[in-house]
Each structure stands twice: as structure tokens, then as C-alpha cells.
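> pasting the sequence and the predicted coordinates here, then a few questions.
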Amino acid sequence: MAHRTLKRVPLDFDWPLGQEWEGYVNPHKTLDCPSCDMTGYNEATRGIASKGFDEFTQDEVDALAKVERLRSNDTDTPLENPTAEKVNVLHKAGLIKIDEMVRYVLLKARAERFGVYGYCPECDGSREVFEDEETKRLHHSWKEYEPPIGEGWQLWETVSDGSPLSPAFASVEELADWSAKNDSSGLNREQWLELFREGKEAVEASSIMSLSK
Ligand SMILES: [Zn+2]
């Protein structure tokens with residue numbers, strides 16, 4: 001089932017259904033870095049990445065072997081005592097596993113050999129920039145906060161950062177009725193009640209119960 005959470009909120013809590021709770025969404029937005037094609041790398045490092053990795057050198061093979069990422073495509077076991085010569089033969093035959101981690105290790109080893117490895121000067125590797133310094137400061141000082149706690153029972157989804165799905169009900173039974181009728185998970189009233197009641201102690205202790213299954 002989709003991820004659901006039960007929350008205790010005031011009965012007159014009126015945050016729009018299906019809209020992420022404002023306390024979970026930082027209003028001081030970041031922008032995509034315009035300088036590094038969202039890679040986070042400096043220009044020279046990006047240039048190396050764009051050429052691809054057809055031929056490995058021994059220092060690159062050593063860097064991969066050190067983190068046990070030099071693996072054959074079919075067995076997914078690390079190669080033993082790999083030499084660049086052997087690895088290149090296997091690679092040309094399509095027998096070396098090339099994933100994101102391998103590309104990262106290769107890029108770093110190669111760019112370091114050329115003495116150019118480094119982050120984008122504009123975003124410092126974060127791939128994010130800000131409209132201005134004030135927005136940046138506000139973004140970093142902003143903290144998440146929970147909705148207010150109250151007597152009501154409300155069903156939330158946690159696929160996004162979190163939004164309410166149901167009205168706030170005065171009793172857990174009413175919420176179970178509503179959930180059985182309206183929630184896409186297909187659980188019946190008794191199943192909802194069981195989940196809600198199992199979590200009752202946790203609900204009272206923290207106001208939140210995870211129903212993810
Ligand atoms: Zn950048």
C-alpha cells in the first residue's frame with residue numbers, strides 16, 4: 001500500500017488536502033546551477049567525463065580495485081589482482097560492469113592524475129545556487145516543523161514529504177470509515193482500525209504512527 005501516516009491534529013485543522021504541509025517544504029528555493037550542467041564539477045573535470053572511458057590506465061584500475069568496484073558483468077564478483085591490460089581486454093568485450101559508482105571513481109582518478117579534479121566554483125559541488133545571499137541564508141536556517149497537535153484524527157500520505165488526505169475526524173472509528181471508502185489502498189474498515197489501534201500508544205506518545213507496509 002501507499003505510505004500512510006495517522007496524525008493528531010486540531011478538529012478545525014484546514015490545511016488543503018493533497019497539498020504538502022508548509023512545514024515540510026523549504027520556501028527559500030534553490031535554483032539549478034547554471035554553470036556545470038548540474039554535475040557539480042569544474043570545467044576540466046567535466047571535459048574528462050564527456051570523453052567517456054574506453055581505455056583504463058593502471059592507476060584507474062587500482063582506484064577501482066581499492067573500493068572493490070572492478071567487477072565482471074556476469075558474476076558481479078571483484079576481479080582479483082587486475083592489471084590494466086587484462087581489464088581493457090575484458091572491457092572491450094563488454095565484460096566489465098560500468099555503473100554510476102564506477103564512472104565516479106574513474107573520473108576522480110583520471111582528473112586527479114591530470115591535476116584538475118575539483119568542484120564547480122559556482123555551486124561548490126552542490127549543483128544548487130541561490131537567487132541571492134539572503135535567500136541562501138534563509139534556506140539554510142529554515143527548519144522543518146510539524147502541523148499543530150489536537151483532538152482530531154487525520155490520515156496523511158508520506159509519498160511526498162507529507163500531506164493530509166482525509167478531513168480531521170473526532171474519532172478513530174470515523175477515520176476508519178472514511179479511509180475504507182476513500183483511500184486507494186483497498187483496506188477495509190476493520191483493517192484500518194486495527195492499524196490505527198495498534199499504533200495508538202505510539203500515536204499518543206509522538207502524534208505520529210507509520211502505517212507503511
Ligand atoms: Zn555548479
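Noted; the coordinates are in hand.
> what does the chain put close to the ion?
Cys33, Ser35, Cys36, Cys120, Glu122, Cys123 (C-beta under 5 Å from the ion). Backbone N, C-alpha and C define where each C-beta goes, glycine included.
> buried among these? Make that a PyMOL selection.
Buried residues within these, by 16 or more other C-beta atoms under 10 Å, are selected in PyMOL with:
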select buried, resi 33+35+36+120+123
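> could I get the residues of the chain next to the ion as JSON lines with secondary structure?
Below are the residues of the chain next to the ion laid out as JSON lines (DSSP: H, G, I helix; E, B strand; the rest coil):
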{"residue": "Cys33", "secondary structure": "coil"}
{"residue": "Ser35", "secondary structure": "coil"}
{"residue": "Cys36", "secondary structure": "coil"}
{"residue": "Cys120", "secondary structure": "coil"}
{"residue": "Glu122", "secondary structure": "coil"}
{"residue": "Cys123", "secondary structure": "coil"}
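> what secondary structure does Asp12 sit in?
Classified using three-state DSSP, Asp12 is coil.
> quick check: the gap between it and the ion.
For Asp12, the distance to the ion (C-beta to the ion, to the nearest Å) stands at 46 Å.
> how far away is that residue from Ser163?
In this view, Asp12 and Ser163 are 18 Å apart by C-beta to C-beta, to the nearest Å.
> the two: which is more packed in?
Set side by side, Asp12 and Ser163 show more neighbours around Ser163, with 18 against 9, by other C-beta atoms under 10 Å.
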